[in-house]
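Enquirer: need a structure here:
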Amino acid sequence: MILAIDSGNTFFKWGLRNDGLWFAKGKISNTEISLLLDSFKKFPAPSQIVISHVATDNLRNDIDAIFSLWPVKPYWISACASQCGVSNGYHNPEQLGCDRWAALVAAWNIHHQACMVVNIGTAVTIDALSNSGVFLGGIIFPSINLMRDCLQSKTQIKNLQIGSFKNFPQSTDDAVQSGLMHCVLGAIERLYCSISEQLKTPNLKCFISGGGCIELAPFIRIPYEIIDNLVLEGLVIIANNVILDDRNNLSKN
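Expert: Okay, the predicted model is just below:
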């Protein structure tokens with residue numbers, strides 16, 4: 001039983017994996033993490049805990065309190081030079097966000113070919129993998145919600161409501177919503193064309209994950225596959241790899 005945790009900027013996502021299947025999954029706001037103590041007490045003790053943490057250091061204390069339920073030392077992942085078939089192209093490999101790293105590991109182990117990995121959360125990330133599993137690089141930019149907050153705080157546009165996506169908006173709410181969605185959609189489609197051209201892969205696979213993907217999915221004009229929390233999938237792959245390494249080390253000794 002592996003407990004995988006994606007501790008993001010806004011939400012805390014978790015899943016219990018047993019024998020290749022998700023035993024249970026959940027998502028809760030970072031401000032409500034303490035409520036998980038009672039819920040987790042009802043589950044069997046995990047044999048391993050693996051976590052991707054990009055939230056604040058203060059939140060780590062609340063997470064540690066949850067882990068105290070079990071006599072298991074959690075494995076806090078960080079990006080490295082190479083792991084689970086993926087090579088890190090960053091000049092400083094550890095600088096890459098651990099959530100992006102886990103998603104890349106998942107995408108590679110699912111597809112084993114060149115692909116684009118998009119995660120739409122509090123921030124949007126778009127990353128590229130080559131045909132040999134090399135992380136080529138990627139971009140980061142604000143989500144629709146963050147851009148809307150910025151627009152309201154830095155301009156005279158106030159009291160915005162969430163509008164509808166339209167080609168020719170005729171209200172401020174619709175104009176803002178449409179503009180923000182065009183920003184994200186345009187970035188995804190532009191990067192898809194650039195990566196496809198660079199890698200000479202016209203039918204490039206695109207994996208999309210994150211809480212904001214459902215809103216955008218109907219309007220994306222490239223072929224894509226939505227995977228529910230790609231980060232959790234990658235964490236399980238990393239956890240199994242760590243278990244395998246530990247066993248190999250024990251056998252050598």
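Enquirer: just the strands in the stretch 51-200 of the chain please.
Expert: For the stretch 51-200 of the chain, strands defined by DSSP state E, counting those that start in this stretch occupy the ranges 75-76, 82-83, 86-88, 115-120, 123-129, 134-142.
Enquirer: would a markdown table of those strands with distance to residue 240, mean neighbour count and mean pLDDT be doable?
Expert: All C-beta spots, glycine's among them, are computed from the backbone N, C-alpha and C. Converted to a markdown table, the strands of the stretch 51-200 of the chain look like this (distance: least, CB to CB, whole Å; neighbours: other CB atoms under 10 Å; pLDDT from 0 to 100):
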| stretch | distance to residue 240 | mean neighbour count | mean pLDDT |
| --- | --- | --- | --- |
| strand 75-76 | 11 | 15 | 95 |
| strand 82-83 | 12 | 16 | 96 |
| strand 86-88 | 14 | 20 | 98 |
| strand 115-120 | 20 | 26 | 98 |
| strand 123-129 | 20 | 24 | 98 |
| strand 134-142 | 20 | 16 | 97 |
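Enquirer: in TSV: the ones you listed, plus distance to residue 51.
Expert: Converted to TSV, those look like this (distance: least, CB to CB, whole Å):
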stretch	distance to residue 51
strand 75-76	5
strand 82-83	15
strand 86-88	19
strand 115-120	17
strand 123-129	18
strand 134-142	21
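Enquirer: out of these, which gets nearest to residue 220?
Expert: Closest approach to residue 220 among these is made by strand 115-120 (9.1 Å; CB to CB).
Enquirer: flag every buried residue along the longest helix along the chain.
Expert: When the chain is parsed with DSSP state H, its longest helix is helix 172-199. By neighbour count on 16 or more other CB atoms under 10 Å, the buried set for helix 172-199 is 174, 176-181, 183-185, 188, 191-192, 195-196, 199.
Enquirer: from these, which is closest to residue 54?
Expert: Out of the buried residues of helix 172-199, the member with the shortest distance to residue 54 (by CB to CB) is residue 184, at 19.5 Å.
Enquirer: which residues touch the residue nearest to residue 180 when sequence neighbours are not counted?
Expert: Nearest non-adjacent residue to residue 180, counting by CB to CB, 6 or more residues apart in numbering: residue 144, 4.5 Å away. Residues near residue 144 by CB atoms under 8 Å, 6 or more residues apart in numbering: 177, 180-181, 183-184, 212, 215.
Enquirer: what do you get for residue 122?
Expert: 8-10, 143, 145-146.
Enquirer: which of those lies closest to residue 16?
Expert: Scanning these for proximity to residue 16, where the rule is CB to CB, the winner is residue 8, at 18.1 Å.
Enquirer: okay, now the unreliable bits of the stretch 151-253 of the chain?
Expert: For the stretch 151-253 of the chain, applying pLDDT under 70 flags the ranges 243-253.
Enquirer: show me where it has its helices.
Expert: For the stretch 151-253 of the chain, the helices defined by DSSP state H, counting those that start in this stretch occupy 172-199, 213-216, 230-252.
Enquirer: among those helices, which comes closest to residue 57?
Expert: Per CB to CB, nearest to residue 57 of the helices of the stretch 151-253 of the chain: helix 230-252, 19.4 Å.
Enquirer: ok, back up a step: next one: the longest helix of the chain to chain centre, how far?
Expert: 19 Å (CA atoms, centre = their mean, to the nearest Å).
Enquirer: how many neighbours does residue 47 have?
Expert: Taking other CB atoms under 10 Å as the criterion, the count of residues near residue 47 is 13.
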